[in-house]
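# sharing a sequence plus its predicted fold:
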2 protein chains.
Amino acid sequence: MFKILKTSKKSRARLGKLKLAHGAVQTPFFMPIATKASVKTLDSADILNLGAEIILSNTYHLLLRPGMEVMKKAGGLHKFMNWGGAILTDSGGYQIFSLAKQRKITEDGAIFRSHIDGRQFTLTPELALEIQKNLGSDIAMILDVCAPYPASRKVVEEAVRLTTSWAMRSKKIKNKNQLMFGIVQGGVHKDLRLKSAEELVDLNFDGYAVGGLAVGEPRAKMFKILEDVVPELPEEKPHYLMGVGQPEEIVEAVRRGIDMFDCVLPTRNARHGLIYIFKEKTGNFRPGYAGFYETLHITNEKFKKDFSPLDKNCSCPTCKNYSRAYLRHLFIANEPLAARLATIHNVHFYLELMRKIRSAIRAGKF
Amino acid sequence: MFKILKTSKKSRARLGKLKLAHGAVQTPFFMPIATKASVKTLDSADILNLGAEIILSNTYHLLLRPGMEVMKKAGGLHKFMNWGGAILTDSGGYQIFSLAKQRKITEDGAIFRSHIDGRQFTLTPELALEIQKNLGSDIAMILDVCAPYPASRKVVEEAVRLTTSWAMRSKKIKNKNQLMFGIVQGGVHKDLRLKSAEELVDLNFDGYAVGGLAVGEPRAKMFKILEDVVPELPEEKPHYLMGVGQPEEIVEAVRRGIDMFDCVLPTRNARHGLIYIFKEKTGNFRPGYAGFYETLHITNEKFKKDFSPLDKNCSCPTCKNYSRAYLRHLFIANEPLAARLATIHNVHFYLELMRKIRSAIRAGKF
């Protein structure tokens, strides 16, 4: 299932291959986010052309729209969006915490109202897995309780307790051709994180996520938690840091033993004209260094007559075919193509970042 | 330059080839509209893949944004948007009439304020051609005066007079590698239309457009004007009906001797989820018949679980890869991919319509 091909001598970074129902995926990897069954502005052919091997989609959003009746009838998410690669679906835990209205967490599950139309839903750990069975994703996440930041210790304690309780119930279910990952909670409290990790490891999941991070805590705290938690997770299983992050955060997390990432930054920033550019041809991933890339605001006046590509060393379709001046014009003129061309570039940047990271690990230079 | 390959025996329809600086274009043809240097949601590679040989772009919009300094420095519109096919640019006359604020038409030209930021511009016939020279389009349109509908006879008379006067000034200019088309005005008045046509024909343009139609007049009046005007235009030159129209209007206009079309309908309707579908495999283009196609509102509830393509006989990328249910979901969920997939289909439909029309003329079945 998960094969580690190489481990870094100077850090916890590892190069691996994760075999999934829809193909093997090289680790560490980044999953572009197809929240509502589409990576915003891109279709499945685009995602394939960009070289993504796995994407992430959201149980919460798909439950609301188009709803499970449609997804079931479609024969799952792969068929619905015509995507042949792998898919990880989150459980909805984070969205219930961040998006849903009037949420109430009980021992049984989460009762909440849709942020779209106020319809009431109840999501239990069992239902979250049944939905993900219908979606037919390659990796399902268990339903967890994600405490906000900041939160009182008591709130975080309860989140950890319920997450473990729900994890135990989740383990009674086995969906065919689908891996099931546990999610470590515990906020910024080391002892709670270790407790959560220990309890979940005892349940023997196929992989482990670190959840509830990048929710507002200082970056240093996030890294510290990874340093505390990752060594407690089984080495031979994939480690997933949910919702992270900026390029240098990904590098630092890989260094701390993380294999899997997802984040809205490349796609969301693209829609606002924020472009990621590598400053160095080969990645220099030394600790604490973020100088390997920069960002530019393409709507800036200075790009008005800049007919060079976003990045002259980039091989993405946007850089191969269009100039900064053209992209700036499209943004200024509110042309929908603007978001698309920027998204193509930024997603390519993140996938390329992961390729560079993997190369560096392979070459023993991470 | 323009070669007529076949004429219909039962109508004025003709099949031809128009040689332009960026390649030969088969007539009758339809030009997808790249108002602001992008066919909304599509990039140049998409347009090429859809088989378009020529697109239309707007002098008025490009003058406002990104402005002529940028367009000049870019080396023209082809380079700016990386489009290797042909381009026709309109003169801005229609946009000044329909979009600009506080417009004032003088003998010299049009003074108006931008609909975006209120900046004042003066556009003369000479400047309109200089701009189009900088844009480097294959076909430039002369600056004309487009009377509204309804309008008093006096207003239309003055529009015709000024259009001819500006046409005479335009003829003194010769842009290299660029054809120049005159635009027949005259509203719904037969005598004014004939006067306008006669005066413009005397000036010997490379082609002739019928302008000022599809601005609100009844459809029968539009056809009547074509029946009056087209026989007065040189047979050996291309005839262009500006801004038209619905599929059956295009068919009827081809029957009346029109070779060139542009219209926002396929792209604008796509963004609102209105989809064009052929009802018959081979086009039946008998007079007055619109039954060869239908439209569907993809957001309709009935498509919720319809996993068939928009049109099972369609070879466009949208129909080859995605279902009605998926497209409906994308529209309902406000996903930007919705407009793109619908645009790809609708533009393909219009280009396919022209292919069917050309086949029918070629086969003597039009």
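Great, that's in hand. Numbering: from 1, shown residues only, chains lettered A, B, ... in the order given.

# tell me which element A:A24 falls in.
Using DSSP states H and E, the element containing A:A24 is strand A:23-27.

# report the residue spans of chain A with pLDDT below the cut-off.
Within chain A, the set of residues satisfying pLDDT under 70 is empty.

# how about the residues of it by chain B?
Residues of chain A that fall close to chain B, judged by CB under 8 Å from any CB of the partner chain: A:36-38, A:40-45, A:61, A:65-66, A:69-70, A:73-74, A:80-82, A:304-305, A:307, A:317, A:321-323, A:325-326, A:328-330, A:332-333, A:335-337, A:339-341. Glycine gets a C-beta too; all of them are placed from N, C-alpha and C.

# swap in 6 Å and give it another go.
Counting by CB under 6 Å from any CB of the partner chain, chain A comes close to chain B at A:36, A:38, A:40-41, A:43, A:65-66, A:70, A:73, A:80, A:82, A:305, A:321-322, A:326, A:329, A:333, A:335-337.

# and the closest residue to chain B within the stretch 101-250 of chain A, what is it in contact with?
Per CB to the nearest CB, A:I116 is where the stretch 101-250 of chain A lies closest to chain B, at 9.0 Å. For A:I116, the contacting residues are A:L64, by CB atoms under 6 Å, 6 or more residues apart in numbering or on different chains.

# A:K312 too?
Counting by CB under 6 Å, 6+ apart, A:K312 has no contacts.

# which stretches in the stretch 51-200 of chain A count as strands?
Applying DSSP state E, counting those that start in this stretch to the stretch 51-200 of chain A gives strands spanning A:54-58, A:86-90, A:101-105, A:110-113, A:120-123, A:139-141, A:179-184.

# strand partners of the shortest one, parallel vs antiparallel please.
Strands adjacent to strand A:139-141 in the sheet, as given by DSSP bridges, are strand A:86-90 (parallel), strand A:179-184 (parallel).

# contact partners of the shortest one?
Applying CB under 6 Å, 6+ apart, the contact partners of strand A:86-90 are A:20, A:22-23, A:25, A:54-59, A:77, A:132, A:135, A:137-141.

# hmm, try it at 7 Å
Identification of contacts with strand A:86-90 by CB atoms under 7 Å, 6 or more residues apart in numbering or on different chains yields A:20, A:22-23, A:25, A:31, A:53-59, A:77-78, A:132, A:135, A:137-141.

# just the C-alpha atoms of that strand, please, in PDB.
Provided in PDB are the C-alpha atoms of strand A:86-90 (Å, rounded to 0.1, in the frame of the first residue of the first chain):
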ATOM      1  CA  ALA A  86      -7.100   9.300  -7.300                       C
ATOM      2  CA  ILE A  87      -9.400  11.300  -5.000                       C
ATOM      3  CA  LEU A  88      -9.200  12.000  -1.200                       C
ATOM      4  CA  THR A  89     -12.400  13.100   0.400                       C
ATOM      5  CA  ASP A  90     -12.500  14.900   3.600                       C
END
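
# any idea of the angle that strand forms with strand A:23-27?
70 degrees (axes from the mean of the first three to the mean of the last three CA atoms, to 10 degrees).

# what about whichever residue of the stretch 151-300 of chain A sits closest to chain B, how many residues nearby?
The nearest approach of the stretch 151-300 of chain A to chain B comes at A:R271, 8.4 Å away (CB to the nearest CB). By the criterion of other CB atoms under 10 Å in any protein chain shown, A:R271 has 18 neighbours.

# secondary structure element holding the closest residue in space to it that isn't next to it in sequence?
Spatially, and ignoring its direct neighbours in sequence, A:R271 is nearest to A:A339 (4.6 Å; CB to CB, 6 or more residues apart in numbering or on different chains). Counting by DSSP H and E, the element that carries A:A339 is helix A:336-362.

# quick check: buried residues in that helix?
Within helix A:336-362, the residues that count as buried by 16 or more other CB atoms under 10 Å in any protein chain shown are A:336-354, A:356-358, A:360-361.

# how about stretch A:261-272?
By 16+ other CB under 10 Å, the buried positions in stretch A:261-272 come out as A:261-263, A:265-267, A:269-271.

# how about stretch A:215-223?
Buried residues in stretch A:215-223 (16+ other CB under 10 Å): A:215, A:217, A:222-223.

# closest to A:A110 among those?
For the buried residues of stretch A:215-223, the residue nearest A:A110 by CB to CB is A:V215; the value is 17.1 Å.

# got a list of what the closest one touches?
Contacts were defined as CB under 7 Å, 6+ apart; by that measure A:V215 touches A:148-149.

# which SS class is it?
Three-state assignment for A:V215 (DSSP: H, G, I helix; E, B strand; the rest coil): coil.

# may I see the strands of the stretch 51-200 of chain A organised as CSV, with mean neighbour count added?
Conversion of those to CSV gives the following (neighbours: other CB atoms under 10 Å in any protein chain shown):
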stretch, mean neighbour count
strand A:54-58, 25
strand A:86-90, 27
strand A:101-105, 13
strand A:110-113, 20
strand A:120-123, 16
strand A:139-141, 28
strand A:179-184, 27
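
# the residue positioned nearest the centre of chain A and A:M141: what is the separation?
Nearest to the mean C-alpha position of chain A, by CA atoms, centre = their mean, lies A:D262 at 1.6 Å. To A:M141, A:D262 is 11 Å away according to CB to CB, to the nearest Å.

# same thing with A:R271?
Counting by CB to CB, the gap from A:R271 to A:M141 is 26 Å.

# ranges for the helices of chain A?
Using DSSP state H, the helices found in chain A span residues A:44-49, A:59-64, A:68-74, A:77-81, A:93-98, A:125-135, A:153-170, A:190-202, A:219-229, A:247-255, A:265-271, A:317-321, A:324-332, A:336-362.

# as TSV, those helices with distance to B:P148 would be great.
Formatted as TSV, the helices of chain A follow (distance: least, CB to CB, whole Å):
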stretch	distance to B:P148
helix A:44-49	43
helix A:59-64	47
helix A:68-74	47
helix A:77-81	46
helix A:93-98	52
helix A:125-135	54
helix A:153-170	66
helix A:190-202	71
helix A:219-229	61
helix A:247-255	55
helix A:265-271	38
helix A:317-321	40
helix A:324-332	30
helix A:336-362	30
